[in-house]
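Below are the sequence and a predicted model for it; my questions follow.
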Amino acid sequence: MPGERVSRRRFVQRLGATAAAVSTTVPFSRDLIPFTSTIAASESTRPRNPNERLRIGAIGMRYQGSVIAEKASEFGDIVAICDVDRQIAEKARTQFGGKAKLYEDYRDLLGRSDIDVITIGTPDHWHAQMLIDACRAGKDIYCEKPLTLTVDEGKRIVDVVRETNRVVQVGTWQRSDSRFRLACELVRSGRIGRLQKVTVVLGKNVAGGPFRSQPVPAHLNWDRWQGPTIDVPYIPERCHYTFRWWYEYSGGQMTDWGAHHIDIALWGIGVDQKGLVKIETTATFPTIDDGYNVALDFSAKVTFESGVVMEIMDHERNGILFEGTEGRIFVNRGTVSGKPVEDLVHQPLKRDQFALYDFDNLNRPERNGKLDAIVNHMGNFYDCLISRRSPLSDVESQHRSVSLCHVVNISMRLGRPLVWNLAEERFENDPEANQWLSRPRRSGFDLGFK
């Protein structure tokens with residue numbers, strides 16, 4: 001019903017079990033034991049010859065997972081493929097020449113000492129576990145966005161990446177698109193005056209259900225697909241592309257498109273990771289069981305201590321609009337435009353004036369004379385493997401960006417305003433809201449939270 005307040009207890013009950021039940025109803029087995037690497041860290045941090053072909057292991061091959069593996073193959077060879085759906089794995093092997101070894105358990109792939117790089121294109125609920133395990137296995141990683149399912153997962157990822165000194169690029173490739181970067185550089189350099197407001201339009205979530213449970217197909221390992229999430233009967237609409245409309249595995253458009261657009265908005269704002277942020281939201285949620293459970297309609301107002309306001313909407317033209325005291329700039333994947341700065345958006349800033357990233361001497365491949373942003377994003381990752389420098393979409397920036405998506409979702413679920421402390425990464429004086437910074441995880445999937 002409109003404005004319904006969804007408590008954490010009620011939500012977990014809707015999933016079929018409480019956190020306590022999760023830890024007792026799932027048997028402890030090898031299938032649920034996290035990967036532990038025996039590879040020495042120094043072995044995988046050796047300097048590389050820029051002309052050397054990487055050996056790549058690709059995990060999760062449906063939709064975007066296949067796309068990023070293809071882009072990675074510009075710089076290396078796909079020698080191993082992992083997917084819990086055998087049909088998808090076999091199709092992917094054919095796509096990449098028919099020689100890659102297939103795996104159903106990603107830890108077996110990580111155990112190969114001859115693999116340099118891992119691509120992770122799985123549903124969101126698997127990103128943190130696989131990324132952390134890959135770091136501990138001495139691999140460098142390109143991980144699809146959004147980086148995490150929860151705020152606490154992101155904090156743990158940042159710690160592990162620092163500890164292991166791995167190079168990790170998150171797939172927020174809009175940072176490698178010249179239009180988005182130009183818009184942010186113009187805003188940050190003061191070309192539209194003092195920034196006052198940013199409007200982010202993500203698009204509507206999908207409604208659907210109730211759906212019927214069905215027998216698990218012989219080619220799908222449903223238990224392993226669920227991974228750290230609560231064990232539930234198999235419903236076809238839960239997996240593959242439509243996983244993003246289930247809160248158990250994703251966060252709807254708030255994290256799916258938000259990981260891209262809210263990241264760009266924050267890049268343009270230049271948020272100092274201190275101070276308090278006020279979150280105000282409206283949302284309505286489905287009331288059916290066994291159906292998509294992300295918000296049917298939503299909006300949010302995010303107010304930073306600087307006075308800049310970010311409005312997040314599910315309708316109107318997809319993209320980001322920056323408004324300042326002296327002009328405005330709109331940017332999406334098709335255009336960058338503004339008034340009264342049309343002349344400026346066609347005259348990129350000189351690099352000695354203002355730049356969000358130093359691209360000197362970086363590999364920037366083009367296809368048919370046109371820069372391919374995703375290939376360029378992968379090229380940035382490849383260059384950072386050689387230099388061991390931080391990539392454009394590093395885990396710290398992407399953890400902060402998607403954390404804002406998560407806290408907006410939490411405000412919508414609780415049905416009330418919240419105050420987010422950027423430095424402490426906690427809600428101010430709100431124990432109930434802070435419980436939502438993590439999710440119940442099945443026994444055996446311990447990320448080692450501090």
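Yep, it's here.

which residues touch the closest residue to Asn332 other than its chain neighbours?
Nearest residue to Asn332 in three dimensions, chain neighbours excluded: Gly319, at 3.0 Å (C-beta to C-beta, 6 or more residues apart in numbering). Backbone N, C-alpha and C define where each C-beta goes, glycine included. Listed by C-beta atoms under 8 Å, 6 or more residues apart in numbering, the contact set of Gly319 reads 201, 261, 330-333.

now do 10 Å
Taking C-beta atoms under 10 Å, 6 or more residues apart in numbering, we find Gly319 in contact with 180, 183, 199-202, 261, 264, 330-336.

Pull out the buried residues from stretch 280-300.
Buried residues in stretch 280-300, defined by neighbour count with 16 or more other C-beta atoms under 10 Å: 281, 283, 285-286, 290-296, 298-300.

Mind listing the residues bridging to the residue nearest to Asn332?
Legend: beta-bridge partners of Gly319 under DSSP bridges are Val201.

got it, and Glu311?
Note on Glu311: beta-bridge partners Thr199, Lys301, judged by DSSP bridges.

how near is it to Val408?
Glu311 sits 11 Å away from Val408, going by C-beta to C-beta, to the nearest Å.

shared neighbours of the two, anything?
Common neighbours of Glu311 and Val408 (C-beta under 10 Å, 6+ apart) are 280, 299-302.

And the furthest pair within the residues you listed?
Using C-beta to C-beta, the shared contacts of Glu311 and Val408 span at most 10.8 Å, a distance reached by Ser299 and Val302.

what residues are shared contacts of the two?
Common neighbours of Ser299 and Val302, counting by C-beta under 10 Å, 6+ apart, are 280-281, 311-312, 408.

which residues does Glu144 contact?
Shown in contact with Glu144 (C-beta under 10 Å, 6+ apart): 60, 63-65, 67-68, 119-124, 126-127, 170-172, 259.

now the protein, which segments are flagged as low pLDDT?
Scanning the chain for pLDDT under 70 picks out the ranges 1-51, 339-354, 357-371, 449-450.

In the stretch 351-450 of the chain, mark out all the helices, start to finish.
Listed in chain order, the helices of the stretch 351-450 of the chain (DSSP state H, counting those that start in this stretch) span 373-387, 395-414, 431-435.

Ok, the stretch 101-250 of the chain next?
According to DSSP H, counting those that start in this stretch, the helices that the stretch 101-250 of the chain contains are 106-110, 127-136, 151-164, 178-188, 222-226.

among these, which is the most enclosed?
Per residue and on average, the most neighbours among the helices of the stretch 101-250 of the chain fall to helix 127-136, with a mean of 24 (mean count of other C-beta atoms under 10 Å).

burial measure for Arg212, as a count.
10 (other C-beta atoms under 10 Å).

any idea how far Trp173 is from Val160?
Taken as C-beta to C-beta, the span from Trp173 to Val160 is 23 Å.

Which helix or strand contains Ser337?
strand 336-339 (DSSP states H and E).

May I have the strands that pair with that strand, each with its orientation?
Assessed with DSSP bridges, strand 336-339 is paired to strand 327-331 (antiparallel).

And stretch 196-210, what's buried?
198-202, 205, 209.

Next, format these as a markdown table and append distance to Tyr382.
Converted to a markdown table, the buried residues of stretch 196-210 look like this (distance: C-beta to C-beta, whole Å):
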| residue | distance to Tyr382 |
| --- | --- |
| Val198 | 32 |
| Thr199 | 35 |
| Val200 | 30 |
| Val201 | 33 |
| Leu202 | 30 |
| Asn205 | 35 |
| Gly209 | 42 |
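
which other helices and strands contact the strand or helix carrying Ala283?
Applying DSSP H and E as the criterion places Ala283 in strand 276-284. Counting contacts by 3 or more C-beta pairs under 10 Å, 6 or more residues apart in numbering; DSSP states H and E, strand 276-284 packs against strand 297-304, strand 309-313, helix 395-414, strand 418-421.

between Glu311 and Val408, who's got more neighbours?
Each of Glu311 and Val408 has its neighbours counted (other C-beta under 10 Å); Val408 has more, 29 against 17.

Tell me how the protein divides into domains.
Using automatic domain parsing, the domains assigned to the chain come out as 18-173+387-394, 176-358+400-435.

Of all those domains, which one comes closest to Val375?
Taking the domains of the chain one by one with C-beta to C-beta, domain 18-173+387-394 is closest: 5.4 Å.

Tell me the gap between that closest one and the middle of its chain.
The chain centroid and the centroid of domain 18-173+387-394 are separated by 13 Å under C-alpha atoms, centre = their mean, to the nearest Å.

again, but for stretch 229-245
Between the centre of stretch 229-245 and the centre of its host chain there is 18 Å, according to C-alpha atoms, centre = their mean.

buried ones in that stretch?
229-230, 232, 234-235, 237-239, 242-245.

related to what we said a few turns ago, in JSON lines: the helices of the stretch 101-250 of the chain, plus distance to Ala433.
Putting these into JSON lines (distance: least, C-beta to C-beta, whole Å) gives the following:
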{"stretch": "helix 106-110", "distance to Ala433": "33"}
{"stretch": "helix 127-136", "distance to Ala433": "21"}
{"stretch": "helix 151-164", "distance to Ala433": "11"}
{"stretch": "helix 178-188", "distance to Ala433": "30"}
{"stretch": "helix 222-226", "distance to Ala433": "26"}
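
closest to Gln398 out of those?
helix 151-164 (7.9 Å).

how about the nearest residue to the most centrally placed residue in the chain, chain neighbours excluded?
The centroid of the chain falls nearest to Pro146 when counting by C-alpha atoms, centre = their mean (1.1 Å). Nearest residue to Pro146 in three dimensions, chain neighbours excluded: Ala259, at 3.8 Å (C-beta to C-beta, 6+ apart).

Gly193 reaches Gly338, doesn't it?
No: taking contacts as C-beta atoms under 10 Å, Gly193 lies outside contact range of Gly338: 11.8 Å.

okay, these two: which has more neighbours?
Taking other C-beta under 10 Å, Gly193 and Gly338 do not tie; Gly338 has more neighbours (23 against 13).

Okay, and the beta partners of the closest residue in space to that one that isn't next to it in sequence?
Computed as C-beta to C-beta, 6+ apart, the closest residue to Gly338 that is not its neighbour in sequence is Ile329, at 3.9 Å. Going by DSSP bridges, Ile329 is paired in beta bridges with Phe322, Gly338.

Quick check: Ile329 vs Trp173, distance?
Here Ile329 is placed at a distance of 20 Å from Trp173 (C-beta to C-beta).

count of neighbours near His219?
By the criterion of other C-beta under 10 Å, His219 has 12 neighbours.

Show the contacting residues for it.
By C-beta under 10 Å, 6+ apart, the residues touching His219 are 84-90.

try it again with 6 Å
Going by C-beta atoms under 6 Å, 6 or more residues apart in numbering, His219 touches 85-87.

Next, it: phi, psi?
When read as degrees, to the nearest 10, the backbone of His219 gives phi -90, psi 0.

which residue packs closest to it, ignoring adjacent ones?
Leaving aside its sequence neighbours, His219 sits nearest to Arg86 (C-beta to C-beta, 6+ apart; 4.2 Å).
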